[in-house]
Each structure stands twice: as C-alpha cells, then as structure tokens.
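# What follows is a predicted structure for the sequence shown.
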Amino acid sequence: MNHQQRPENPFRVTQPTPPSAAPASMSNMAPRAASPAMPAAPAQEKKQGKGGTVVLWLCAAFGAYMTVFSAFDVRYSVVYALGGVLLGLAITLGFGWPLYCRSRDGKALAAWEKDQLETRELSALLTSEDAAIAQALAPRPRPEPMPRNWKKVGTAVAIITVLGGVLISAGDAEYKENNPDAVTSTEV
C-alpha cells in the first residue's frame, strides 16, 4: 500500500502555522477563534532569569560550605559547632528548595514534551481503522508545577535558624575558651 492509496487519518494532529509564516496577503485578516477540534496553544511559560538561578546556587553553596566547615569547630565546642551546622543547613534549605522544585518541574515538562512529540508522531501513522488506538493516544494535560510549600519550608528554616542561633550563643563562651585565636566582632 503506497501513500496514494492510504486513507486520510481523521485523528491526525497538524502543527499550527506560526503567524510569521502566514502569507503577506493574509496579514490584514483577523485571527480565527480556536475551534473545539483544535486545542488551544499552551500558555507561555514564565522564564526564570539566569541571574536569579546563579544567586540561588551561590547562596546554597555558601550554606553547604558553612555546614561543612562549622562541623570542624567540634574540637572547640560541640554546642557551637552544632549551632553553626544548623545555620548552614537553614541557608542551604532556604536557597536549595527552589532549585530542587525547578529541577523537578523541568524534568516533568521535558517528559511531557517528549510524550507529546511521540503521540504526534504515532497519530500521524494511524488510519481510520485504528480509532481505538487513537483514543488511547489522547494527549495528557501539561504538568502542573511542583507545589513550593513556602509556609512549611519557611517555618522549618525559621525554627532551624533560631535553634542554631541559640546553640551558637550557648556554646560561645566554651568556643572562645578553647580557641583563644578566634577573632570576634567585639575585639576588632
């Protein structure tokens, strides 16, 4: 069976023509309303600026750095070191959480786009005899962004920060006693 004998596929999804590809003679015509047979184009996704992502990565890296190097203060004061570790974890959590959410959103969107592309390719191969298969290839809705749960994350960061600050204050005297070379803000 060649392409001339092949029946027309009623389930075929056609790619919409971008406005820039429309002929010049049609530029003065009003756009058509979306028909029920043709799904509306997905809303434009708000693009995150690269500068904000860089700042998030730098701050999360600083929090991880603070966590690791505060752990080395355990030789001077366990309580002081634990407080520093908690403050570092609070910084890492606060700035790392949106990075984690963006990563999950990006992976889900990439998987959805791949699925949409495969569905379009497969539906182009179907004929009218394959109606049952075409129904199974119904497009999935666009994935929703991962809930950020900022109230829970903010509460956790605040509790960890307060607890870390209290532990640093409690272990400060022992830290200064065991580490006389430490420079504090009151000495400068």
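Arrived safely, thanks for sending. Numbering: from 1, shown residues only.
# Every contact and neighbour count from this point should use C-alpha atoms.
Will do.
# Give me the residue at the spatial middle of the protein.
Relative to the mean C-alpha position of the chain, the nearest C-alpha, by C-alpha atoms, centre = their mean, is the one of Arg102, at 0.9 Å.
# longest helix in this structure, by residue count?
helix 78-125 (DSSP state H).
# Now do that helix: which elements does it pack against?
Applying 3 or more C-alpha pairs under 8 Å, 6 or more residues apart in numbering; DSSP states H and E, one finds that helix 78-125 contacts helix 50-71, helix 150-178.
# What residues sit buried inside the lowest-mean-pLDDT helix or strand in the chain?
Within the chain, confidence by mean pLDDT, DSSP states H and E is lowest for helix 131-136 among all helices and strands, at a mean of 80. Under the neighbour-count criterion of 16 or more other C-alpha atoms under 10 Å, helix 131-136 has Ala134 buried.
# just use 729 as the starting number from now, easier for me
Let's use 729 as the start, then, which means that last one is helix 859-864.
# from the chain's centre, how far out does that helix sit?
Using C-alpha atoms, centre = their mean, to the nearest Å, we find the averaged C-alpha position of helix 859-864 to lie 33 Å away from the chain's own average C-alpha position.
# just for this protein, where's the confidence low?
Along the chain, the model assigns pLDDT under 70 to residues 729-777, 912-916.
# and with 50 instead?
Scanning the chain for pLDDT under 50 picks out 750, 753-772.
# what's in contact with stretch 806-817?
790-796, 798-802, 888-889, 891-900, 903 (C-alpha atoms under 8 Å, 6 or more residues apart in numbering).
# if I pick Asn906, what's in contact with it?
Residues touching Asn906, when contacts are defined by C-alpha under 8 Å, 6+ apart, comprise Tyr804, Ser805.
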